[in-house]
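Enquirer: based on what follows, work out the 3D shape:
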Amino acid sequence: MGFESGIGKGFKEAPVFYWLYTILIVAGGGVILYPHLPLVEISILSQVVNGVVLPFVLVFMLLLVNNKELMGNYVNSHFYNIVAWTTTVVMVALTVAWFWTLRHGA
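Expert: Numbers count the residues shown, from 1 in each chain. Okay, the predicted model is just below:
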């Protein structure tokens, strides 16, 4: 979005970053302090969402890390590509299997 960001910058250098960071911390604290909220279920749901979104993140991350123009000498080697793409395929398969069990029962 073009805003300065990073913990290494001061508040005057990156005010948008620090305000967003502060709002997220306060919102998280507000959720924790809200009475009778099922925190265990919320925690499990957040991890399920992370697991479902992970394959998409991995694919785009691998496309970026294999871009020679972007990464220069730090582009992934052939061995790391095999490991990374295998991991990504396994994660996609596990996500599809999980959705399959939701639809058809286990």
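
Enquirer: at which residues are the helices of the chain located?
Expert: Assigned by DSSP state H, the chain shows helices spanning 15-33, 39-65, 68-71, 78-104.

Enquirer: return the distance of stretch 30-45 from the chain's centre.
Expert: Relative to the chain's own centre, stretch 30-45 is displaced by 20 Å; criterion: CA atoms, centre = their mean, to the nearest Å.

Enquirer: got the domain ranges for the protein?
Expert: 1-37, 38-104 (automatic domain parsing).

Enquirer: got JSON lines for those, with mean pLDDT too?
Expert: Below are the domains of the chain laid out as JSON lines (pLDDT from 0 to 100):
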{"stretch": "domain 1-37", "mean pLDDT": "86"}
{"stretch": "domain 38-104", "mean pLDDT": "93"}
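
Enquirer: which non-adjacent residue is nearest Tyr18?
Expert: Phe11 (5.0 Å; CB to CB, 6 or more residues apart in numbering). Bear in mind the C-beta positions are built from the backbone N, C-alpha and C, glycine included.

Enquirer: what's the burial count for the one you found?
Expert: The tally of other residues near Phe11 (other CB atoms under 10 Å) stands at 10.

Enquirer: same check on the one 4 residues further on?
Expert: The burial metric for Pro15, expressed as a neighbour count using other CB under 10 Å, is 13.

Enquirer: re earlier: out of the helices of the chain, nearest to Ser5?
Expert: Counting by CB to CB, Ser5 lies closest to helix 15-33 out of the helices of the chain; the figure is 4.0 Å.

Enquirer: on that earlier part again, let's have the helices of the chain in TSV, adding distance to Gly6.
Expert: As requested, these are arranged in TSV below (distance: least, CB to CB, whole Å):
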stretch	distance to Gly6
helix 15-33	7
helix 39-65	19
helix 68-71	19
helix 78-104	26
